[in-house]
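[1] model this:
(one chain, ligands or ions: 1)
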Amino acid sequence: MTIPATTRAKTSPASGAEPIDSADGQCVSPSEQAEAVQAMFNTIAPRYDLLNHVLSANVDRVWWRRTARAFTHILQNPDATILDMCCGTGDMTLALLRHRPANSKPVLALDFAHAMLVRGAQKFSSHNAIAIEADALHMPICDNSVDLITSAFGFRNLANYEAGLVEMHRVLRPGGELGILDFSEPTGLIGKLYRFYFRQILPRLGKLLSGSTAPYAYLPQSVHRFPAPLQMLARMRACGFSQASWTPYTFGIAGLYRAVKA
Ligand SMILES: C[S@@+](CC[C@H](N)C(=O)[O-])C[C@H]1O[C@@H](n2cnc3c(N)ncnc32)[C@H](O)[C@@H]1O
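    Purely as a prediction, here's the structure:
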């Protein structure tokens, strides 16, 4: 089944309470933060894929595939309900779709940035996926209905991490699994190199390729404010998840958080 049309649901910005500082050091409310994130992704959408692949030297493809492989036991079940949250231009969704057998239920691909989602929907228009334009903190999805939620490089952008975890916990079935793929800040020599690249090179390269400074100044800031793995695992447990684990990818530059709804 192919459902290329974008299903538009609630698109108002996320609310929440994660403390954020703007580039000029001012405190920004969570809803202003969510609006800014939404606007930023809508602006960079036309160049998002190119920039992603150039700036990560294509390692992002390996991470998406590795994440999808971690959940083949669920993806291979044609009746499983799969949700790719913060799907953006759809590469994580495509990696998941590769593992779906014929005649499976469609993968749900959700994002609140219209321009990102439209590109994603074009990419998976010949595959079995449904695009849903909605806020990850208020998903138009029933309680206890999803077998697997993935989120690649999206969760970090939420204005309130607790609210995001609670919402994912709400829609997962008991026994359902969660996979959050995101950046982290490695330590040691790799950490030093990484910070130099992330803070000095990446914003300049990003500006050169996209003509815009903000998104690539925002990226290192957002990674810095994202909880370190042990803290993130504690937050997942506090929101009702069990078997929480983190697997570092590529020297801990990125990593996969996994957990199960008990
Ligand atoms: C860095 S992109 C990642 C896209 C894709 N998953 C990937 O791996 O390339 C982050 C995405 O998260 C989405 N996002 C951030 N906050 C969101 C929210 N509250 N609700 C829905 N989508 C959100 C953005 O619109 C953006 O498309």
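
[2] which helix is the longest one in this protein?
    In terms of residue count, the longest helix belonging to the chain (DSSP state H) is helix 30-55.

[3] Which strands and helices lie in contact with that helix?
    helix 59-69, helix 114-123, helix 202-210, helix 214-225 (3 or more C-beta pairs under 8 Å, 6 or more residues apart in numbering; DSSP states H and E). Every residue, glycine included, has its C-beta placed from N, CA and C.

[4] and those helices as TSV, adding mean neighbour count?
    Conversion of these to TSV gives the following (neighbours: other C-beta atoms under 10 Å):
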stretch	mean neighbour count
helix 59-69	18
helix 114-123	21
helix 202-210	16
helix 214-225	18
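
[5] Which one of those helices lies nearest to the ligand?
    Nearest to the ligand among these is helix 114-123; the distance by C-beta to the nearest ligand atom comes to 3.9 Å.

[6] any idea of the mean pLDDT in the closest one?
    Helix 114-123 shows a mean pLDDT of 97 in the predicted model.

[7] now do stretch 93-111
    Mean predicted lDDT for stretch 93-111 stands at 97.

[8] Go through it and flag the buried ones.
    Across stretch 93-111, burial judged by 16 or more other C-beta atoms under 10 Å covers 93-97, 99-100, 104-111.

[9] Kindly indicate which of these lies nearest the ligand.
    The ligand has its nearest neighbour among the buried residues of stretch 93-111 in Asp111, at 4.4 Å by C-beta to the nearest ligand atom.

[10] So what sits opposite the closest one in the bridge?
    Beta-bridge partners recorded for Asp111 (DSSP bridges): Glu133.

[11] residue contacts, it?
    Contacts for Asp111 (C-beta atoms under 8 Å, 6 or more residues apart in numbering) come out as 41, 86-88, 117, 120, 131-134, 154.

[12] try 10 Å
    Residues in contact with Asp111, defined by C-beta atoms under 10 Å, 6 or more residues apart in numbering, are 6, 11, 38, 41, 84-90, 93, 117-121, 131-136, 154.

[13] what about burial for those, which qualify?
    6, 38, 41, 84-90, 93, 117-121, 131-136, 154.

[14] For the ligand, tell me which of the residues you listed show up nearby.
    41, 86-89, 135-136, 154 (C-beta under 6 Å from any ligand atom).

[15] Now intersect those with the strands, please.
    Residues of these located in strands (DSSP state E): none.

[16] Same list, these, but as CSV with pLDDT please.
    Formatted as CSV, those follow (pLDDT from 0 to 100):
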residue, pLDDT
Phe41, 94
Cys86, 98
Cys87, 98
Gly88, 98
Thr89, 97
Asp135, 97
Ala136, 98
Gly154, 97
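
[17] Pick out the most distant pair among the residues you listed.
    Thr89 and Asp135 (18.0 Å; C-beta to C-beta).

[18] quick one, longest strand in this structure?
    Ranked by residue count under DSSP E, the longest strand found in the chain is strand 172-183.

[19] got the angle for it vs helix 59-69?
    160 degrees (axes from the mean of the first three to the mean of the last three C-alpha atoms, to 10 degrees).

[20] Just the buried residues of strand 172-183, please?
    Applying 16+ other C-beta under 10 Å to strand 172-183 flags 172, 176-183 as buried.

[21] And these, which two are furthest apart?
    Largest pairwise distance in the buried residues of strand 172-183, by C-beta to C-beta, is 24.6 Å, between Gly176 and Phe183.

[22] got the angle between the helix or strand hosting Ala234 and strand 172-183?
    In the assignment (DSSP states H and E), Ala234 maps to helix 229-238. Angle, helix 229-238 to strand 172-183, by the same axes, to 10 degrees: 170 degrees.

[23] hmm, who's touching helix 229-238?
    155-156, 161-162, 164-166, 168-169, 178, 180, 182, 184-185, 226-227, 241-248, 252, 255, 257-259.

[24] and Ala129, how many residues sit next to it?
    28 (other C-beta atoms under 10 Å).

[25] so where's the stretch 151-262 of the chain shaky on pLDDT?
    Across the stretch 151-262 of the chain, nothing is flagged by pLDDT under 70.
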